[in-house]
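Chemist: Below: sequence and its predicted model.
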Amino acid sequence: MALTWDVVTRGLGEIGRLIGIVAAVVIALETMAYLVLHKLLKCKYSLPLMLLLPALVGVLALIVYPFGFNVYLAFSNMNMFRFKDFSVGISYGITNLLDVFRLPVLQKVTFLQLLGRTVLWTVVNVVFHVLGGLALAILLHRPMKGKGIYRTLLVVPWALPQVISALAWRGEFHFQYGFVNLMLERLGLRPVPWLSDPRWAFVAVVLVNIWLGIPFMMVVLLGGLQSISQEYYDAAQIDGASGWQQFRSITMPLLKPVLTPAVILGVVWTFNNFNVIYLVTKGGPMEGTDLLVTSMFKAVFEFYRYGFGAAYAMVIFVFLFIFSAVYLRLSGGFKGAWES
Amino acid sequence: MRRTVVSVLVLLMLVALLLPVGATAQKKVALTIWTKEGEAEGVLQEIIALTQEYSKSHPGVTFEVVNYGVEDLRQNFQSAAFAGTGPDLLWTVSDHAGPFTAMKLIKSVDQIFPAGYMDKFVKPGVEAVELGGKVWGVPLSVGNHLMLLYNKKLIKAPPQDTDELIKVGKELTKDLNNDGKPDQYGLVYNLNEPFWLAPWLGGFGGWPLDGTKPTLNSQAMVDALQFLHDLKFVHKIVPMEADYNAADSLFKEGKAAMIINGDWSLGAYVTDDVKKNVDLGVARIPKVVKTGKWPSPMTSGIYLMFPEYLEGDKLNAVKGFVDFLVSDEVQLRFLQKFKRLPATASALKSPLVTQDAILKGSSDQMVVGKPMPTVPEMRACWDAIRPNQEAVMAGKMTPKDAAKAMQEAAEKAIREMTK
């Protein structure tokens, strides 16, 4: 739609209306909280509770309610033919959950195959994101001219809308006209059927996602590196520590509080990455690039299996929850936060 | 006391004066239309212009037109309707009728319009949205069918049968710069997309569904897959990889003599930019020599559908607007601007169709097409066909195995969908 004056004013009007409604709700809630907590109950913590209240309402509306509704749907037999008159019961929940593991989730691939592929996808991506991001961050952390320009250029893949990047890459992987095969041919290699062979298609989507993900890790780790005091390195140099020893004994331990949440976020995002797969290959060819999350999307939005899809989403959530808990425990990344 | 009586009388007179005004004033109705039409071909802009024209002659009715991609429209409408909100009118494709009726999200036409209302539309247009003996949408344009488009700058006359297609395809697939790779193709189309397989399936004597039962494991499917496989691997007249955009670009750039594409694309091939490379011709997809049948592309079209919750003033306003959209004037406007075949019989008989070579070709193809099944089970067939068709086109599966796997997958998917 063209950006006309009418569109702008209507858009601003709608935003203004929404802000007005949110403001009215917040004022009403705060007034009620003030009257109940402060005036009626004379609560000592009425002010902090009032300050927390808007965030609490937000969390309830945006996280707790949708999560609860998903659990509710997971225990239902809701599908296309029972969209409005579905039933809810423990037996439906058990059936949905068992179906996730015992039947092919798509036409050909099973849950375990998809899980294995998703884990491989996540590990390869995150390893390259961390290694690439760390290497670039260390390079940029050194004194050099034009650092700002390099930093800006390196952030470009992250700053571009993912849709544009992914669709551009899709074109570049074309067998005959894509940049990648043209380069391979220049090097005297045979062109690769990137988008028609499932294995190569998987390699292609991994390459795209690595390219897209490195800048984020680089920015985070660069921030971490900049927070480490130079005094540690000066002292180490006086003690005669080598570059590797400095990296292992100073950089890595002090980078850990930054690295741990970044890795967890990276894993969760990559594990649930829908955009790259869907835009570059749509899960094909032959379901060879489908991941857990794309197959869940297909189950829900193409096959209308809402109850099954909700159970499937819970299984994915449990996997990620366990991973995060174990990783936090083993890495001790948030130890500082707990101790403080 | 006297003053009070006078005041009351004056007030009553004022109310009496105002009442008739209130009764005759047109009620204000704000309608929201969700359309699958985008800006690229100018259709969205045309819809907005139509709503503005209608608002001028019906001052109480205002519109908001929202564009979604076809799949987004389906998904968003399902979510919105589940929450009891959403648009007042859907401007979408026929195959959405299947899931929408199964989910009880739309009204049938007989709940809105009087009996006989559908008589003015061409039969294939009505049949495409008939489910359970009821019609679930008002057709705006019929077709949506694939056909053979050819570039008269490269090929004077279109091939009439599959043997000729292969023969001229080989002649027209050329390596112009001697680098060992073709720079010009005889034929391009969306190689891995099941919708492009459907005409050939029909041409070899098959069809994906019999009622609601998948019929994918057939000799016709094996033959159709083998034919498409051979175009790529044996005759080598199509690119090794081509999705919709790649095929479209090759044809627009004059690097392909023929393309199999739908009626929705016609407008884009007669723009000034493309005319430099392409002198467009339109014909039927060539007859299949083995069966003597014409390939039967799936026909459907663009439809107006009515949410189940549409009632009262909004329903009345929507009815008026729909009447306006299916008037010959608007139907012919769409025909002229976007080369879309009209849905009303009277507009389809217009000389604008019969005397236009492109539209005549399109119309000829449409009459040998078959309505796309709108039953929800078709969804299962599409998804069952896709990975196996991809496997055949990657040379990793035989057509026979693929047909068998499609059948099993479709049956399984339908079982899961309906249990």
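Modeler: Arrived safely, thanks for sending.

Chemist: Distance check, the nearest residue to B:R333 once chain neighbours are set aside against B:R340.
Modeler: Nearest in space to B:R333, with sequence neighbours left out and distances taken as Cβ to Cβ, 6 or more residues apart in numbering or on different chains, is B:E46 at 7.6 Å. Where C-beta positions appear, they are placed from N, C-alpha and C, glycine not excepted. With distances taken as Cβ to Cβ, to the nearest Å, B:E46 is found 11 Å from B:R340.

Chemist: Then B:L50?
Modeler: B:L50 is 14 Å from B:R340, by Cβ to Cβ.

Chemist: average pLDDT for stretch B:409-419?
Modeler: Averaging pLDDT along stretch B:409-419 gives 85.

Chemist: Contacts made by the helix or strand where A:K256 lies with the rest, please.
Modeler: Using DSSP states H and E, A:K256 falls within helix A:252-271. Residues outside helix A:252-271 that contact it (Cβ atoms under 8 Å, 6 or more residues apart in numbering or on different chains) are A:118, A:121-122, A:125-126, A:129-130, A:209, A:213, A:216-217, A:220-221, A:223-225, A:227-228, A:232, A:291-293, A:316, A:319-320, A:323-324, A:327-328, A:331-334, A:336-337.

Chemist: How about the stretch 151-300 of chain B: which residue is closest to chain A?
Modeler: Nearest residue of the stretch 151-300 of chain B to chain A: B:E241, at 4.0 Å (Cβ to the nearest Cβ).

Chemist: Would you verify that that residue is located in a strand?
Modeler: No: going by DSSP: H, G, I helix; E, B strand; the rest coil, the assignment for B:E241 is coil, not a strand.

Chemist: circling back: looking at B:L50 and B:R340, which is more packed in?
Modeler: Legend: neighbour count by other Cβ atoms under 10 Å in any protein chain shown for B:L50 and B:R340, higher for B:R340 (25 against 19).

Chemist: ok, for that one, nearest residue in space, not its chain neighbours?
Modeler: Spatial nearest neighbour of B:R340, chain neighbours left out: B:S141 (4.0 Å); criterion: Cβ to Cβ, 6+ apart.

Chemist: Quick check: neighbours of whichever strand or helix holds that neighbour in the sheet, parallel or antiparallel?
Modeler: Secondary structure assigned from DSSP H and E places B:S141 in strand B:138-143. Using DSSP bridges, the strands paired with strand B:138-143 in its sheet are strand B:298-307 (antiparallel), strand B:341-342 (antiparallel).

Chemist: distance of whatever residue of the stretch 1-150 of chain B ends up closest to chain A from A:M80?
Modeler: Residue nearest to chain A within the stretch 1-150 of chain B (Cβ to the nearest Cβ): B:M103, separated by 3.8 Å. Using Cβ to Cβ, we find B:M103 at a distance of 6 Å from A:M80.

Chemist: What of B:G369?
Modeler: Counting by Cβ to Cβ - B:G369 and A:M80 are separated by 27 Å.

Chemist: Repeat that for B:L315.
Modeler: 26 Å.

Chemist: Which of those two has more residues huddled nearby?
Modeler: Higher neighbour count among B:L315 and A:M80: A:M80, with 20 against 17, using other Cβ under 10 Å.

Chemist: Correct me if wrong: the more buried one contacts B:P99.
Modeler: Yes: here A:M80 reaches B:P99: they are 5.6 Å apart, a contact under Cβ atoms under 8 Å.

Chemist: how about B:I166, phi and psi?
Modeler: phi -70, psi -40 (degrees, to the nearest 10).

Chemist: show me where the stretch 151-300 of chain A has helices.
Modeler: Using DSSP state H, counting those that start in this stretch, the helices of the stretch 151-300 of chain A run over A:162-172, A:179-186, A:198-226, A:230-238, A:243-246, A:252-271, A:275-280, A:292-301.

Chemist: Would you mind giving those as CSV with mean pLDDT added?
Modeler: CSV is the format used below for these (pLDDT from 0 to 100):
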stretch, mean pLDDT
helix A:162-172, 91
helix A:179-186, 92
helix A:198-226, 94
helix A:230-238, 93
helix A:243-246, 92
helix A:252-271, 91
helix A:275-280, 93
helix A:292-301, 91
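
Chemist: By mean pLDDT, point me to the weakest helix or strand of chain B.
Modeler: helix B:2-24 (a mean of 52; mean pLDDT, DSSP states H and E).

Chemist: Following the chain onward from it, which element is next?
Modeler: Per DSSP H and E, helix B:2-24 leads on to strand B:29-35 as the next helix or strand towards the C-terminus.

Chemist: how about that next one: buried residues?
Modeler: The neighbour-count check on strand B:29-35 (16 or more other Cβ atoms under 10 Å in any protein chain shown) flags B:29, B:31, B:33-35 as buried.

Chemist: B:R74 and B:H96 touch, don't they?
Modeler: Yes: between B:R74 and B:H96 there is a contact at 5.3 Å, judged by Cβ under 8 Å.

Chemist: The two: which has the busier surroundings?
Modeler: Neighbour comparison, B:R74 and B:H96: the larger count goes to B:H96, with 26 against 21 (by other Cβ under 10 Å).

Chemist: Who are the contact partners of that one?
Modeler: Per Cβ under 8 Å, 6+ apart, neighbours of B:H96: B:73-74, B:77, B:90, B:305.

Chemist: okay, the residues you listed in TSV with pLDDT and secondary structure next?
Modeler: Shown next, in TSV, are the contacts of B:H96 (pLDDT from 0 to 100; DSSP: H, G, I helix; E, B strand; the rest coil):
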residue	pLDDT	secondary structure
B:L73	93	helix
B:R74	90	helix
B:F77	94	helix
B:L90	97	strand
B:M305	97	strand
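
Chemist: got a winner among the residues you listed for most neighbours?
Modeler: Most surrounded of these: other Cβ under 10 Å gives B:M305, at 28 neighbours.

Chemist: how close does it get to A:W5?
Modeler: B:M305 is 32 Å from A:W5, by Cβ to Cβ.

Chemist: residue ranges with poor pLDDT in chain B?
Modeler: Under the criterion pLDDT under 70, the flagged ranges of chain B are B:1-26.

Chemist: name the element A:A325 belongs to?
Modeler: Assigned by DSSP H and E, A:A325 falls in helix A:306-331.

Chemist: hmm, back to that, residues contacting the nearest residue to the residue of the stretch 1-150 of chain B closest to chain A once chain neighbours are set aside?
Modeler: In space, B:M103 comes closest to A:F83 once its chain neighbours are excluded; the distance is 3.8 Å by Cβ to Cβ, 6+ apart. Neighbouring residues of A:F83 by Cβ under 8 Å, 6+ apart: A:304, A:306, B:78, B:82, B:102-105.

Chemist: Can you tell me which of those lies closest to B:E253?
Modeler: Closest approach between these and B:E253, by Cβ to Cβ: B:Q78, at 38.9 Å.

Chemist: That closest one - that's part of a helix, no?
Modeler: Yes: the assignment for B:Q78 is a helix, going by three-state DSSP.

Chemist: Am I right that it is in contact with B:P99?
Modeler: Yes: with contact defined as Cβ under 8 Å, B:Q78 and B:P99 form a contacting pair (7.4 Å).
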